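> Just the structure for this:
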Amino acid sequence: MSVMASAPTKEFAVSALRARPVVLNRQVLAQIAICVGPAMALVATGRVVPGGFYAALVTILFTGWYVLQRKRYHFLCLTIGCVPVLGLLRAPFFYHGITLLLLGEIALWCVMGPDEVRRMWKDPLWRILVILCLVYWGASFIYTGDYSSNGRLLDFSFTISGVYLLANKRAYLATALVGIGISATAMALGFLPFNADRLGEAVIAGWHLGNPVDLGVPTALIILLCFADNGRWLLLENRPIWRLAICIVSGEWLLLSGSRGSWVLCVIGFCLILFLGRQNRKPLLATLGVICLAAVVVLCTGRGAKIIEQYNRTVDSDRSLAKRTSGRSIQWAAIPAVFAESPVWGWGPGSGKSVVRLFTGRNLQWHALYIQVIGETGLLGFLPLVILLAILLRRGILHLRRFGEIAPLIGVVSFMALGLSVQATDAVGGILLGLVFLPKGPIRRYVLGQQMVAVAEESVPVSYEVAT
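Below you'll find the predicted structure:
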């Protein structure tokens, strides 16, 4: 009798492409927390110098570990995420340490990822912006003989470049942005024990640390990114509870910071999302309502009373404008006379403090970006700044029209608004403006990766005889 049967099944491995969702890098997030959490805990106990050394050295240690593994996205993501705390504690360790760290990482990218760096260099807008910043810093150095004059322009340029490079892989950009939120929370918790009038600034063990805007801007950025494009820039588009929790926590830090410039920045961002965003506005308004309820609870506490007092100082009509604006109005009032003395060339790059002292009697730097540029470089520097910001604004608008994503526009508008209150050309300002240099296309939710899979060999029928 003849019987049909199948040969034994065999398996062999083949390489196949498989789409997988992009997710946050939990390892890098944990390392960011390790870098900033204990550092701010030391600050909270009055140990400022050990805190500064810890934050810098542990960040360098993790960076070196990733460099040895040639994981360029990891070490740049880690450093960008730690920027708020590294900037806060730069003086106790080495003031220019963060500048050198960012410079070294960009240089390593030129070796490890030349294709990405070459692509970035081909972007004329990025190239012009960075070159202008470097020229401005170099001219300040030559004019004043002090290499730290306008030195934060270097941090500004390097963080813009870092965000540009990280944007090649959405997961690492999102991880860095969430890391900024972790750093901001660590900062807030570190300042809480000192019961200062505004969270984010205190005199600790003889060190004057921080400024309310240093805490206010990162928290405002995180709040806006939770709302913009349904949180997809933080990879939280499918996690509304996480977005709500982050918004509530960051919203309280923003409120307690008392940073009026950061408040305005947040309000402007919300208006852009409400009127120009292409997302469902009902969840946005509901979340905003929950945040407002949480804010009311905070305002009922002792710290909330200080924030109410700060607000009343700003709107009190019985106080002079100079007192209501912490002396900023004096500089704005003086700028016409400063400009009239030297309208074309200005007073020279880096001359801000001496010129402010001459015209206002106060030994301070220009507090805002626009009056700094027009005071130091006149029309020669101010007109290119206006043109460059207009081109960046157009880039954000075009991205919104083509791809429906509003985050790049929020980044450039927030930077422009921030420039009315502070100089803005520092590492955090670079992160804001860096958002406008995101890829010219919608962000990807999935990436292709190779995977080895087992495939069964097809059964081959065979016949054999069975004796009966």
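
> any idea which element Leu209 lies in?
strand 207-210 (DSSP states H and E).

> For the stretch 101-250 of the chain, just list every one of the helices.
114-121, 124-144, 152-166, 170-191, 212-227, 240-257 (DSSP state H, counting those that start in this stretch).

> likewise the stretch 251-400 of the chain?
Counting by DSSP H, counting those that start in this stretch, the stretch 251-400 of the chain has helices at residues 260-276, 281-299, 302-315, 321-324, 328-341, 352-360, 369-403.

> so which of these gets nearest Gly419?
helix 369-403 (3.4 Å; C-beta to C-beta). For every residue, glycine as well, the C-beta is placed using N, CA and C.

> helices or strands up against the closest one?
Applying 3 or more C-beta pairs under 8 Å, 6 or more residues apart in numbering; DSSP states H and E, one finds that helix 369-403 contacts helix 124-144, helix 328-341, helix 352-360, helix 407-418.

> and it, average pLDDT?
Across helix 369-403, the average pLDDT comes to 94.

> That one: how far from the chain's middle?
Distance, stretch centre to chain centre, for helix 369-403: 19 Å (C-alpha atoms, centre = their mean, to the nearest Å).

> Name the residues of it that are buried.
Buried positions in helix 369-403, judged by neighbour count with 16 or more other C-beta atoms under 10 Å: 369-379, 381-382, 385, 389, 392-393, 395-397, 399-400, 403.

> Equivalent analysis for stretch 137-147, please.
137, 139-141, 143-144.

> One more: stretch 64-79?
So stretch 64-79, judged by 16+ other C-beta under 10 Å, has buried residues 66-67, 72-79.

> Specify which member of the residues you listed is nearest to Leu24.
Cys77 (10.2 Å).

> wait, what's in contact with the closest residue to Trp332 other than its chain neighbours?
Leaving aside its sequence neighbours, Trp332 sits nearest to Ile371 (C-beta to C-beta, 6 or more residues apart in numbering; 6.6 Å). Applying C-beta atoms under 8 Å, 6 or more residues apart in numbering, we find Ile371 in contact with 331-332, 335.

> Next: Pro193.
Taking C-beta under 8 Å, 6+ apart as the test, what Pro193 contacts is Ala44.

> quick one: it and Gly51, what's the gap?
13 Å (C-beta to C-beta, to the nearest Å).

> low pLDDT regions in this protein?
For the chain, the stretches with pLDDT under 70 are 1-20, 280, 302-327, 439-468.

> For the residue lying closest to Arg395 once chain neighbours are set aside, list the residues it contacts.
Closest residue to Arg395 apart from its sequence neighbours, by C-beta to C-beta, 6+ apart: Val436 at 5.7 Å. Contact partners of Val436, counting by C-beta under 8 Å, 6+ apart, are 392, 395-396, 399, 408-409, 411-412.

> Can you lay out the helices of the stretch 251-400 of the chain as a markdown table showing distance to Val85?
Shown next, in a markdown table, are the helices of the stretch 251-400 of the chain (distance: least, C-beta to C-beta, whole Å):
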| stretch | distance to Val85 |
| --- | --- |
| helix 260-276 | 17 |
| helix 281-299 | 23 |
| helix 302-315 | 21 |
| helix 321-324 | 31 |
| helix 328-341 | 27 |
| helix 352-360 | 27 |
| helix 369-403 | 24 |
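
> do you know which of those helices lies nearest Asp123?
Comparison of the helices of the stretch 251-400 of the chain against Asp123 by C-beta to C-beta identifies helix 369-403 as nearest, at 10.2 Å.

> now that closest one and helix 260-276, what's the angle there?
20 degrees (axes from the mean of the first three to the mean of the last three C-alpha atoms, to 10 degrees).

> Let me know the angle separating helix 369-403 from helix 352-360.
Going by the same axes, to 10 degrees, helix 369-403 makes 120 degrees with helix 352-360.

> Can we start the residue count at 45 from this point?
Sounds good: first residue 45 from here, last item helix 413-447.

> what angle separates helix 413-447 from helix 451-462?
160 degrees.

> and the angle from helix 413-447 to helix 372-385?
Here helix 413-447 runs at 100 degrees with respect to helix 372-385, directions being taken by the same axes, to 10 degrees.
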